[in-house]
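Enquirer: Requesting a structural model of the entry that follows:
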Amino acid sequence: MKEHVLDKDNVFTVTGRILGRLEEIRDYSSGKAALANLRNSIGRPLSETIDVWPIVFEQMPEHFLSKNGKLTSEEKAILTTLQIYALHQQGQSVNVNKRTEKEKWNNIGISLKALRNGEDTIAIDSRFNTMITSTTFEELIHHLRQLVRILKAKKQNEKIVYARLANDLFWYLRNQEENVRLSWAKAFYSKLENTEKGDESND
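Expert: A predicted model of the protein is given here:
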C-alpha cells in the first residue's frame, strides 16, 4: 500500500500525534473525560458528539477535513481507531498503545494472534475470520471491537499499534480491503511473534 500525501501528514503520523496527546493527559481528569467521550461517541453521528471534536480535529491537517458534512476516509479511520483505543484503555493502568515504526507485520493481526493459545484455537479463529470477511466497514468495526474486548480481558499486556490500525482502516475505506484482509490474516496465522509488547517508558 502506498503512502498518502506528505509523510508528516499521513494517517499513521497524525493518529500517532493524537494518541501521544491522549497518553500525556491519560491520568488527569481531562484525559479520563476525553477517553470517556470517545467511548460515548461510538455509534453516534459526529455532529452529535461535540465533546470529541477537540480531540479529533485539533491535530488534523486541513486536507483531511470534510467539506460536505460527510466524514472523509481519514476522519472516519482516525475517529474509529480512537474509539477502539478508548475502549481498550478503559480501566487499564498501563498504556495499551504501542509506539513503533510502520513495520509490515505490526498490524492488528499480530496483536490478536496472542489469543491463539494452546491447540484449541477454533473459537478465536472463527471470530477472526468473521471479522476479516465482513462485507461492510461497519460490520468489520463491530467484530473488531468485540475482539479487542476479548484481548483486553485475556491478555492485559498485549498492546496494539493503533496508528497502524488507523492507517489500515483508511486503506480499507479506500477500496484496498483485500490487501488489508490479507495483511491481517498473514500476521494472525503466521509463526511471527509479537514479542515486543511496547515501550513501557511511554506509560
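Enquirer: residue furthest from the geometric center of this protein?
Expert: residue 119 (27.8 Å; CA atoms, centre = their mean).
Enquirer: In terms of pLDDT, where does that residue sit?
Expert: The model reports residue 119 with a pLDDT of 77.
Enquirer: quick one, helices of the protein?
Expert: 11-24, 29-40, 53-57, 73-89, 108-112, 122-132, 137-154, 162-173, 177-189 (DSSP state H).
Enquirer: among these, which is nearest residue 63?
Expert: Closest approach to residue 63 among the helices of the chain (CB to CB): helix 73-89, 8.2 Å. Quick note: C-beta positions are derived from backbone N, CA and C, even for glycine.
Enquirer: circling back: in TSV: the helices of the chain, plus distance to residue 96, mean neighbour count and mean pLDDT.
Expert: Converted to TSV, the helices of the chain look like this (distance: least, CB to CB, whole Å; neighbours: other CB atoms under 10 Å; pLDDT from 0 to 100):
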stretch	distance to residue 96	mean neighbour count	mean pLDDT
helix 11-24	10	20	94
helix 29-40	11	16	94
helix 53-57	17	16	89
helix 73-89	5	23	96
helix 108-112	10	26	95
helix 122-132	19	15	96
helix 137-154	8	16	97
helix 162-173	8	25	97
helix 177-189	18	17	95
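Enquirer: out of the ones you listed, which comes closest to residue 46?
Expert: Across the helices of the chain, closest to residue 46 is helix 73-89 (CB to CB), at 6.9 Å.
Enquirer: tell me which strands and helices that closest one is in contact with?
Expert: Helix 73-89 sits against helix 11-24, helix 29-40, helix 53-57, helix 137-154, helix 162-173, with contacts defined as 3 or more CB pairs under 8 Å, 6 or more residues apart in numbering; DSSP states H and E.
Enquirer: quick one: which of these is nearest residue 111?
Expert: Closest among the helices and strands packed on helix 73-89, using CB to CB: helix 137-154, at 6.7 Å.
Enquirer: In PDB, list the C-alpha atoms belonging to that closest one.
Expert: C-alpha atoms of helix 137-154 as PDB (Å, rounded to 0.1, in the frame of the first residue of the first chain):
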ATOM      1  CA  PHE A 137     -16.800  -1.200   7.200                       C
ATOM      2  CA  GLU A 138     -19.400  -1.000  10.000                       C
ATOM      3  CA  GLU A 139     -19.600  -4.800  10.300                       C
ATOM      4  CA  LEU A 140     -15.800  -5.000  10.400                       C
ATOM      5  CA  ILE A 141     -15.600  -2.500  13.200                       C
ATOM      6  CA  HIS A 142     -18.300  -4.200  15.200                       C
ATOM      7  CA  HIS A 143     -16.400  -7.500  15.200                       C
ATOM      8  CA  LEU A 144     -13.100  -5.700  15.700                       C
ATOM      9  CA  ARG A 145     -14.400  -4.100  18.900                       C
ATOM     10  CA  GLN A 146     -15.500  -7.500  20.200                       C
ATOM     11  CA  LEU A 147     -12.100  -9.000  19.600                       C
ATOM     12  CA  VAL A 148     -10.300  -6.100  21.300                       C
ATOM     13  CA  ARG A 149     -12.600  -6.500  24.300                       C
ATOM     14  CA  ILE A 150     -11.600 -10.200  24.400                       C
ATOM     15  CA  LEU A 151      -7.900  -9.200  24.100                       C
ATOM     16  CA  LYS A 152      -8.300  -6.700  26.900                       C
ATOM     17  CA  ALA A 153      -9.900  -9.400  29.200                       C
ATOM     18  CA  LYS A 154      -7.400 -12.200  28.400                       C
END
